[in-house]
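[1] Have a look at this prediction, sequence included:
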Amino acid sequence: MSYSELAGLVESDKKTVEKYIDLLEKTYIIFRLPALNKNVRNEIKKGKKIYFYDNGIRNAVISDYRPLAKRTDKGALWENYLISERLKLLSFKSGERDRFFWRTTQQQEIDYIETQYDKYCAYEFKWSPLKSGYLSKTFADAYPVHMFKTITTDNYHEFLNMVE
């Protein structure tokens, strides 16, 4: 997400968009997930992803209430749901962790990363259980990966209940 891009879409200026995003975050409507970057040359350093605490609000913002079977944004809905529910789980169970996403300029990406005690747990989210995620070699070479897992509709309960 780029504040400049968003400002262009809503025909406003960057500062106003930043203020609105900050207000929406303070009122627990959205939350930001920062990009993980340590010095790998091609990592995106300043990016942030924005998620909604409630997918219903997300649907209202984009005016799309179609049934899931007719949606073209199933993957984005799924990712938003899993990350927001994981955040809630961690806050209820006092499982404080740093949370990130990771992306390079070559579009290599890890959807969600948690770090605790210098352990990196990386997750890819796939709506279809038939699709599998993969751990980028660039990421694995740069970070000590404790665990990598693809989360699908078949195994998401484990992700939403697991706190090490």
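    Thanks, I have it.
[2] what bits of the protein have low per-residue confidence?
    1, 95, 164 (pLDDT under 70).
[3] 90 - rerun?
    Residues of the chain meeting the criterion pLDDT under 90: 1-14, 16-17, 37-48, 61, 90-97, 105-107, 116-119, 132-133, 161-164.
[4] Strands of that one, start to end?
    For the chain, strands defined by DSSP state E occupy the ranges 30-34, 48-52, 98-103, 109-116, 119-125, 145-151.
[5] I'd like those strands as a markdown table, with distance to residue 83 appended.
    For glycine as for every other residue, the C-beta is placed from the backbone atoms N, C-alpha and C. Output for the strands of the chain, formatted as a markdown table (distance: least, C-beta to C-beta, whole Å):
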| stretch | distance to residue 83 |
| --- | --- |
| strand 30-34 | 7 |
| strand 48-52 | 5 |
| strand 98-103 | 8 |
| strand 109-116 | 6 |
| strand 119-125 | 8 |
| strand 145-151 | 10 |
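[6] tell me what the biggest helix by length in the chain is packed against?
    If you go by DSSP state H, the chain has its longest helix at helix 74-92. Secondary-structure packing of helix 74-92 (3 or more C-beta pairs under 8 Å, 6 or more residues apart in numbering; DSSP states H and E): strand 30-34, strand 48-52, helix 55-62, strand 109-116, strand 119-125, helix 156-159.
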